[in-house]
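[1] Sharing a model prediction with you, sequence too.
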Amino acid sequence: MYTQSMDLDAKSAAARLSAVGTPGAVSPQQAEFDAKMAADRKVEARDWMPEAYRKTLVRQISQHAHSEIVGMLPEGNWITRAPSLRRKAILLAKVQDEGGHGLYLYAAAETLGTSRDDMIEALHSGKAKYSSIFNYPTPTWADVAAIGWLVDGAAIMNQIPLCRCTYGPYARAMIRICKEESFHQRQGFEAMLTLAQGTPAQKKMAQDALNRWWWPVVMMFGPSDKDSIHSTQTMQWGIKRISNDELRQRFIDATVPQIELLGLTVPDPDCKLDPATGHYSCGEIDWAEFWSVIAGDGPCNRERLETRKRAYANGAWVREAAMAHARKQQAREQAQAA
Ligand SMILES: [Fe+2]
Ligand SMILES: [Fe+2]
């Protein structure tokens, strides 16, 4: 439902070329990597890559994987309380999809030489971050609808450009993930529409949820371009293609007409269409709130981390059983081959 990202190839290739320096002044491996960046070709797991590129990808992909699995929690809370069997089946499928996204992404990060155990340990110790949005609570069913519509909608905006990321395993994982996120966004909008067209109490529930989620979702695109420490380098490497502020603007432009269609009110009195540019304006963002949630002081940070750690501990017997089964199977295959 959203347009593909703007074609920035010519511009970004030139920027990347100027950033990587003069050919000849670097090692042959670096020169080959630089040429790949300039031509916007894919880097694969076995290819040589600069350590900083590898580290940046491990950080980004593992944070993305953590966000998927922590993101299962706010909605998972509602599986037993979904208002109908149909809603329950949809929600179950969606939450399961998010678990699958985590799996693809952990696997993509592992191709860079990092282990699953190290990534999980970094999440549990608080060293690794995940998306700030999942530290907000879901007090009503309308919050579940709002998450699908807005959070998955924002995720699509962010992730479609990642389908063209220069690291092949990440780019390929994102293609499938984006298809599923699109289903998530649609089911959320449909659930929101049902509430908005329901009784006055249901419509109010929908508006209240929109009021709760709007600003956290607007912040989800990350700090403003002028304060974003990682953006320039990741753009030069073709990992990030579109800036935080531009993605945020695209999301607002796509979502405000949807809010109008629902008959709801944008919870930002400064959000107005500028007929000259065709863009909606955005009021002042409370960055102090954003940084405090990132630092671990959001409404649900501690609860989310504790739940993840408990789930990991409770799942130890499943991991042990799977490993024992794999060892047994391997021994059987070896015996047959002998
Ligand atoms: Fe996802
Ligand atoms: Fe999703």
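    That came through fine. Numbering: from 1, shown residues only. Ligands and ions are numbered 1, 2, ... in the order given.
[2] Right, and ligand 1 sits closest to which residue of the protein?
    His101 (3.8 Å; CB to the ion). C-beta: built from backbone N, CA, C; applies to glycine.
[3] any idea of the pLDDT on that residue?
    pLDDT, His101: 97.
[4] neighbours of it, just the number please.
    26 (other CB atoms under 10 Å).
[5] Also Ile160?
    By other CB under 10 Å, neighbour count at Ile160 equals 22.
[6] helix/strand/coil for it?
    Secondary structure assignment for Ile160 (DSSP: H, G, I helix; E, B strand; the rest coil): helix.
[7] For it, give its distance to Ile175.
    10 Å (CB to CB, to the nearest Å).
[8] How about Pro139?
    35 Å.
[9] Which strand or helix spans Trp214?
    helix 200-219 (DSSP states H and E).
[10] Just checking, which helix or strand succeeds that helix along the chain?
    Heading C-terminal from helix 200-219, the first helix or strand you meet, by DSSP H and E, is helix 231-236.
[11] list the buried ones in that following helix?
    231, 234-236 (16 or more other CB atoms under 10 Å).
[12] cool, and stretch 76-94?
    76-78, 82, 87, 90-91, 94.
[13] Tell me where the model's unsure across this structure.
    Within the chain, the segments meeting pLDDT under 70 span 1-24, 230.
[14] Select the longest helix from it.
    Criterion DSSP state H: the longest helix present in the chain is helix 168-196.
[15] what residues does the chain put near ligand 2?
    152, 181, 184 (CB under 5 Å from the ion).
[16] Between these, which sits nearest Phe290?
    Nearest to Phe290 out of the residues of the chain next to ligand 2 is Asp152 (CB to CB; 19.7 Å).
[17] Not counting residues beside it along the chain, what's closest to the closest one?
    Using CB to CB, 6 or more residues apart in numbering and skipping residues adjacent in sequence, the residue nearest Asp152 is His184, 3.9 Å away.
[18] hang on, the earlier thing: list the helices and strands the helix holding Trp214 packs on?
    When contacts are defined as 3 or more CB pairs under 8 Å, 6 or more residues apart in numbering; DSSP states H and E, helix 200-219 sits against helix 141-146, helix 168-196, helix 244-262, helix 287-292.
[19] touching ligand 1 at all, stretch 127-143?
    No: Stretch 127-143 lies apart from ligand 1 when judged by CB under 5 Å from the ion; the minimum separation is 10.2 Å.
[20] Quick one: end-to-end distance for that stretch.
    Start-to-end span of stretch 127-143 (CA to CA, to the nearest Å) is 28 Å.
[21] Give me the neighbour count for the closest residue to Pro223 other than its chain neighbours.
    Nearest non-adjacent residue to Pro223, counting by CB to CB, 6+ apart: Asn244, 6.5 Å away. Here the number of neighbours of Asn244 (other CB under 10 Å) works out to 20.
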